[in-house]
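>>> no sequence on this one, just coordinates:
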């Protein structure tokens, strides 16, 4: 199958450090290539891939201080993809709603995975206007604010099975991983660890938009060794970091669309204590791979139960549910459905082909639980999230 993956230009594919969306795109692209497909990746020139790389801009925009209008470059990329669309069997976008208008007016099947939150008021109008644009959700929870959008399927993220592994270690601290921000509630994680009397290690980045939060709410709480800020870490450091943690704290105060750090912890056999928000109940199996809680007191109570969880079982559940191979197989099912639907649409009476809304094949899809699948920004970070 000839597949185009179209990524945000903000970060390289994969990113050097933080960048959940871009890492998922990389894992998917590499797995599709490994399964024998002809994949072209449209991304920044500092990306690294075994697919064919179409470098739309020489370097990722986060590292290119000379770029002042990221939207201009993403619009340029969309036009480049449109001009080459007939070279591919399917186009897979990771750019939020940006492709909708242009690509609903051409013949090559396309789909967009939405990687961010959809609960802002303006999203209602956007998805009502482009109601037949085919979409992939990364959790069933993510769909709730816009249930009538053109959902095809829910496909959970997955990472390469051997990319993160349990390491020999004696867990001795709580971990916080990812991004320091109000919605990730780093301050709550610090309070939980302090009340449990367990050291907390924070491996996270601070975006410019969150700098005030860091300076006013977090910096004064950083008192090693009780609360240690070790900064942003790369994938090669995460196995040791998570294997040494008694648990991952994820007291997110927002409708988490997925929670990639949760499956990274699972891959290392590390349980998570997470607030019941967004997709958390779809990812964590309460009492098996971690605990789902509602507030700081219940998180503290859950911490006392961590010894009852099996780190071997947690790793096994990761292998059963959240590998890149499973993710790629689920996407291939969608690609084939889109291609088949487009072929059927091409045979429709020519008189009905003037309006793209009438010819775009509808693949109203089910949630992950009910969708057929193999057995066991843009908000995706081109714009500030």
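Looks like it arrived, so ask away. Quantities reported herein were computed from a predicted structural model and do not represent experimental measurements.

>>> from residue 19, how far out is the nearest residue to residue 254 once chain neighbours are set aside?
Once flanking residues are discounted, residue 254 sits nearest to residue 183: 3.8 Å by CB to CB, 6 or more residues apart in numbering. Just so you know, the C-beta spots here come from the backbone N, C-alpha and C atoms, and that holds for glycine as well. Distance, residue 183 to residue 19, by CB to CB, to the nearest Å: 17 Å.

>>> again with residue 90
If you measure residue 90 against residue 19 using CB to CB, the figure is 24 Å.

>>> so residue 183 and residue 19 - more neighbours on which side?
Using other CB atoms under 10 Å, the more surrounded residue of residue 183 and residue 19 is residue 19, with 22 against 16.

>>> I'd like to know how far residue 190 sits from residue 220.
Residue 190 sits 10 Å away from residue 220, going by CB to CB.

>>> compare these two (neighbour count), which wins?
Counted by other CB under 10 Å, residue 190 and residue 220 do not tie: residue 190 has more neighbours, with 23 against 8.

>>> and the next helix or strand past the helix or strand harbouring the more buried one?
Residue 190 belongs to helix 186-196 when elements are defined using DSSP states H and E. Downstream of helix 186-196, the first helix or strand assigned by DSSP H and E is strand 200-205.

>>> residue boundaries of the strands in the stretch 151-300 of the chain?
Remark: strands assigned in the stretch 151-300 of the chain by DSSP state E, counting those that start in this stretch are 151-154, 173-179, 200-205, 227-229, 245-250, 272-275, 290-293.

>>> next, the buried residues of the shortest one.
Residues of strand 227-229 classed as buried: 227, 229 (neighbour count, 16 or more other CB atoms under 10 Å).

>>> stretch 248-258 now?
Neighbour-count burial for stretch 248-258 flags 248, 249, 250, 251, 252, 255, 256, 257, 258 (criterion: 16+ other CB under 10 Å).

>>> number of nearby residues for the residue nearest to the third one when sequence neighbours are not counted?
If I follow you right, that is residue 250. Distances taken as CB to CB, 6+ apart put residue 274 closest to residue 250, at 3.9 Å, once the chain neighbours are dropped. For residue 274, the neighbour count with other CB under 10 Å is 29.

>>> one step back: where does the residue nearest to residue 254 fall, phi/psi-wise?
Main-chain torsions, residue 183, degrees, to the nearest 10: phi -70, psi -20.

>>> wouldn't it be in contact with residue 250 here?
No - contact between residue 183 and residue 250 fails when scored by CB atoms under 8 Å: they sit 11.4 Å apart.

>>> residue boundaries of the helices in the stretch 51-200 of the chain?
70-83, 100-103, 121-129, 140-143, 186-196 (DSSP state H, counting those that start in this stretch).

>>> contacts for the first one, please.
Just to be clear, that refers to helix 70-83. For helix 70-83, contacts defined as CB atoms under 8 Å, 6 or more residues apart in numbering pick out 4, 6, 8-10, 42, 54, 56-57, 61, 67, 91, 95, 98-99, 102-103, 106, 378, 382-383.

>>> pull out the buried members of those residues.
By 16+ other CB under 10 Å, the contacts of helix 70-83 give 4, 6, 8-10, 42, 54, 56-57, 61, 67, 91, 95, 98-99, 103, 378, 382-383 as buried.
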